[in-house]
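> What follows is a predicted protein model with its sequence.
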Amino acid sequence: MPRVARIKSNSGIYHIIMRGINRQTIFEVEEDYERFILTIQRYREICEYKIYAYCLMGNHLHLLLKEGKEPLETVMRRICGSYVFWYNKKYGRVGYLFQDRFKSEPIEEDEYFLTVLRYIFQNPLKACMVTKIENYKWTNYIDYIRGSNQTEIDFVLNILNTNREQAIRRFIEIINKDNDDECLDILEKQRLTDDDARNIIKRHCKIDHVIDIQKFDKVKRNMYLNDLKERYGLSIRQIERLTGISRGVIQRI
């Protein structure tokens with residue numbers, strides 16, 4: 001079956017996702033994360049693309065960038081080829097590291113640009129890896145707060161306000177806002193451990209103990225149960241086991 005043609009962006013801006021082949025971890029230790037960040041900065045100078053956001057997540061990554069003098073396909077070939085060559089040499093392996101070709105979506109409007117920016121920076125938060133966005137080390141979120149010449153912060157902040165201090169405050173407000181954003185993502189759901197699932201339930205439902213979800217009224221309880229299934233990928237059996245709510249109730253939602 002022929003591949004579907006990649007949708008071109010009129011603005012040149014794309015949200016990009018890459019994942020490890022067979023869900024393989026692509027960042028084992030801090031040195032690996034650091035090497036990938038160094039790689040995208042190196043090719044930023046060569047290819048003249050603009051980086052707005054990145055988030056490295058163990059077995060996949062998100063980028064938000066604008067094409068420069070080279071097309072997106074060439075840029076990603078350079079970045080991934082360089083990193084994979086280094087990674088394979090370090091770990092004594094051969095073959096592919098990333099799964100198939102990268103996924104991308106074009107970004108044409110400022111409003112959706114900000115939505116994707118928030119979506120990328122909130123990835124570790126929604127995965128319950130941290131409780132605050134700024135605590136996750138492998139994004140460039142903090143560049144917008146402290147200033148940086150490695151991230152195109154001016155484009156984003158100028159959208160928000162011409163006054164830099166007010167723009168930064170507005171940026172923090174927007175990026176940390178609770179939301180139900182839906183953007184390009186990895187479609188396959190990964191199996192969650194019970195510990196991960198417990199953390200998700202407690203955080204999303206704002207409860208101290210997972211069984212406390214039984215204390216909610218029916219409408220509120222069902223809303224949360226639906227979120228746990230559809231948004232976070234918890235299985236019906238796992239929700240039943242952890243919360244004590246019967247399978248029949250969960251299945252009917």
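Structure received.

> alpha carbons only for contacts and neighbour counts from here, please
Fine.

> all helices for this structure, in order.
Taking DSSP state H as the criterion, the chain carries its helices at 30-47, 72-91, 110-121, 123-126, 141-146, 153-160, 164-175, 194-205, 218-230, 236-243, 247-252.

> now the second one, how far from the centre of its chain.
How far helix 72-91 lies from its chain's middle: 20 Å, per CA atoms, centre = their mean, to the nearest Å.

> Which strands or helices does the helix or strand of the chain with the lowest mean pLDDT pack on?
Scoring the helices and strands of the chain by mean pLDDT, DSSP states H and E places helix 247-252 at the bottom, with a mean of 86. Judged by 3 or more CA pairs under 8 Å, 6 or more residues apart in numbering; DSSP states H and E, helix 247-252 is in contact with helix 218-230, helix 236-243.

> what bits of the stretch 151-253 of the chain have low per-residue confidence?
Applying pLDDT under 70 to the stretch 151-253 of the chain picks out residues 186-191.

> wait, which of the helices of the chain is closest to residue 63?
When the helices of the chain are compared by CA to CA, helix 110-121 sits nearest residue 63, at 7.9 Å.

> average model confidence for the closest one?
Helix 110-121 carries an average pLDDT of 94.

> List the buried residues in that helix.
113, 114, 115, 116, 117, 118, 119, 120, 121 (16 or more other CA atoms under 10 Å).

> Report the contact partners of the first one.
Contacts here follow CA atoms under 8 Å, 6 or more residues apart in numbering; on that basis residue 113 touches residue 107.

> how much space between it and residue 180?
15 Å (CA to CA, to the nearest Å).

> Next: residue 77.
Residue 77 is 32 Å from residue 180, by CA to CA.

> Equivalent analysis for residue 88, please.
Residue 88 sits 38 Å away from residue 180, going by CA to CA.

> what about those two, which has more around it?
residue 88 (14 against 8; other CA atoms under 10 Å).

> Which pLDDT value goes with the more buried one?
Note on residue 88: pLDDT of 94.

> Phi and psi next, for the closest residue in space to it that isn't next to it in sequence.
Spatial nearest neighbour of residue 88, excluding adjacent residues (CA to CA, 6 or more residues apart in numbering): residue 94 at 5.8 Å. Note on residue 94: its backbone torsions stand at phi -130, psi 160 [degrees, to the nearest 10].

> Report whether the expected contact of residue 94 with residue 84 is present.
No: assessed by CA atoms under 8 Å, residue 94 is found out of contact with residue 84, at 9.2 Å.

> Of these two, give the one with the bigger neighbour count.
residue 84 (19 against 11).

> Need the nearest residue in space to the more buried one, chain neighbours excluded.
The nearest residue in space to residue 84 (CA to CA, 6+ apart) is residue 97, at 6.4 Å.

> For that neighbour, the count of nearby residues, please.
Look at residue 97: counted by other CA under 10 Å, it has 22 neighbours.

> Tell me who's in contact with it.
Shown in contact with residue 97 (CA under 8 Å, 6+ apart): 20, 21, 24, 26, 84.

> Now do the closest residue to residue 243 other than its chain neighbours against residue 220, distance only.
Once flanking residues are discounted, residue 243 sits nearest to residue 211: 4.6 Å by CA to CA, 6+ apart. Applying CA to CA, the value for residue 211 to residue 220 is 14 Å.

> Give the residue from these two that has the larger number of neighbours.
Neighbours were counted for residue 211 and for residue 220 using other CA under 10 Å; residue 211 has more, 16 against 12.

> hang on, the more buried one packs against residue 240?
No: Residue 211 lies out of contact with residue 240 (CA under 8 Å); the separation is 10.0 Å.

> shared neighbours of these two, anything?
Counting by CA under 8 Å, 6+ apart, residue 211 and residue 240 have no contacts in common.

> Noted, bye for now.
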